[in-house]
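In: just need the structure, nothing else, for what follows:
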Amino acid sequence: MTPGVRIRYHADMIERIDTPILFCNFNRPALTRQVFESIRQRRPTKLFLACDGPRPGHREDLEKVGQVRGVLAEVDWDCDVQHRFLDSNAGCKSAMSAAISWAFEDADRLIILEDDCLPDSTFYDFCGQLLEKYQDNRRVMSIGGNNFQAEPRSDASYYFSRWPHIWGWATWRQSWQQYDVEMASWSRESSQRILNSIFDDPVAVRHWQDTFASQHAGQIDTWDFPWTYSIWESDGICILPERNLVTNIGFGAEATHTTDPESWLASMKAWPVETLVHPGCVKIDTGADLYSWEHVFLPSVARDEQIDKGMRRGLLRKIRDRLSPRRRRLRLQQRSAL
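Out: Coordinates of the predicted model:
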């Protein structure tokens, strides 16, 4: 593989970043504090701060949301700061999607962090450099900070993928303009064509067809499935790092989706990118994408009670016989590195 262009980061000299950051929060002040300190170290010149409002009937939210906003008030460097603090709770789907759209009214690119996404310091440089490099390539729509592979697959610092991992990510206004939180263009027929062009596995096609149908029907309160759909509908691709750059520190009972603290995805180590090496061409790594499907998504699909019992048994057998040993090794490697 062509090594590409090398860009050296100087670990002994942390520079300010000019790429605007959107930091989204709700009611977890301890997590907010950790991620805010990471942002403070890099002293961005432009910062968008969003916080959902307290939920009705949850008295504890009043105090916790107040504590979160107290942390966000501690910007002590020269910075253009804008706030979007909601008085009442909008929920995950509306609060997050509206916050991104709001920030894009005043920025043409964004690094986006939620309160449970703790990045390595070089994540900001990684995003900033790649936002600049691929700004004119309309097919590249998202830059993620996560890598769930067992080991690096190339000498480059990143690869191209269908998967828009969003535990710390970046994108452009032009890409977000393809987004529709309500997925108005969705239909079973169009979705089937899109998914058949992406996946060879009928289980994957069925899973994402059912997921998008439920999202379109308003049965799922999240913003990221519509983002995935908008990318796939546009034949877009994503950039993912060859080593993980962002640790999700929010697994647990307080989380909306990442509730299992024993998950192998919880608290994955983040590694610095000291030298940014570009791949030789823009081409999806199908092997890496298959690994992500089998190790990240398929286990949860196999636990879905809506799947036929015979199919579920086959999936669980596949996971046990083929996937679990590699996943256990990966988890042990990550834990031992902490």
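
In: surely Trp223 touches Ser97?
Out: Yes - with contact defined as C-beta atoms under 8 Å, Trp223 reaches Ser97; the gap is 4.2 Å. In this view, the C-beta of every residue, glycine as well, is placed from N, C-alpha and C.

In: common neighbours of the two, please.
Out: Val181 (C-beta atoms under 8 Å, 6 or more residues apart in numbering).

In: confirm Gly287 sits in a strand?
Out: No - Gly287: not assigned to a strand; according to DSSP: H, G, I helix; E, B strand; the rest coil it is helix.

In: what is the neighbour count of it?
Out: For Gly287, the count of nearby residues is 11 (other C-beta atoms under 10 Å).

In: any idea how far it is from Gln149?
Out: 9 Å (C-beta to C-beta, to the nearest Å).

In: which secondary structure element contains the spatially closest residue to Trp232 that is not a sequence neighbour?
Out: The spatially closest residue to Trp232, leaving aside those adjacent along the chain, is Ile194, at 5.3 Å (C-beta to C-beta, 6 or more residues apart in numbering). Taking DSSP states H and E as the criterion, Ile194 maps to helix 188-198.

In: remind me what that helix packs against, helices and strands.
Out: When contacts are defined as 3 or more C-beta pairs under 8 Å, 6 or more residues apart in numbering; DSSP states H and E, helix 188-198 sits against helix 202-216, helix 224-233.

In: what's the spacing between the residue nearest to Trp232 and Val282?
Out: 20 Å.

In: so for those two, which sits in the more crowded spot?
Out: Per other C-beta under 10 Å, whichever of Ile194 and Val282 has more neighbours is Ile194, with 20 against 13.

In: how far away is the most centrally placed residue in the chain from Met96?
Out: Nearest to the geometric centre of the chain sits Ile166, at 0.7 Å (C-alpha atoms, centre = their mean). Ile166 sits 10 Å away from Met96, going by C-beta to C-beta.

In: and for Trp223?
Out: Trp223 is 4 Å from Met96, by C-beta to C-beta.

In: which of the two has more residues huddled nearby?
Out: Met96 (24 against 21).

In: who's in contact with that one?
Out: 24, 114, 223 are the contacts of Met96 under C-beta under 8 Å, 6+ apart.

In: how near is the last one to Asp78?
Out: Between Trp223 and Asp78 the distance is 32 Å, computed by C-beta to C-beta.

In: I'd like the contacts of Met96 as CSV, with distance to Thr45 appended.
Out: CSV is the format used below for the contacts of Met96 (distance: C-beta to C-beta, whole Å):
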residue, distance to Thr45
Cys24, 19
Glu114, 21
Trp223, 26
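
In: list just the nearest of the residues you listed to Phe199.
Out: The closest of these to Phe199 turns out to be Trp223 (C-beta to C-beta; 22.6 Å).

In: what sits against the closest one?
Out: 92-94, 96-97, 100, 181 are the contacts of Trp223 under C-beta under 8 Å, 6+ apart.

In: roughly how far does it sit from Pro279?
Out: 29 Å.

In: quick one, helices of this protein?
Out: Here the chain has its helices, by DSSP state H, at 29-42, 59-72, 91-103, 122-133, 173-176, 188-198, 202-216, 224-233, 286-292, 298-302, 309-318, 324-337.

In: low-scoring pLDDT stretches of this protein, where are they?
Out: 1-14, 251-266, 302-338 (pLDDT under 70).

In: closest one to Glu242 among the helices of the chain?
Out: helix 286-292 (9.2 Å).
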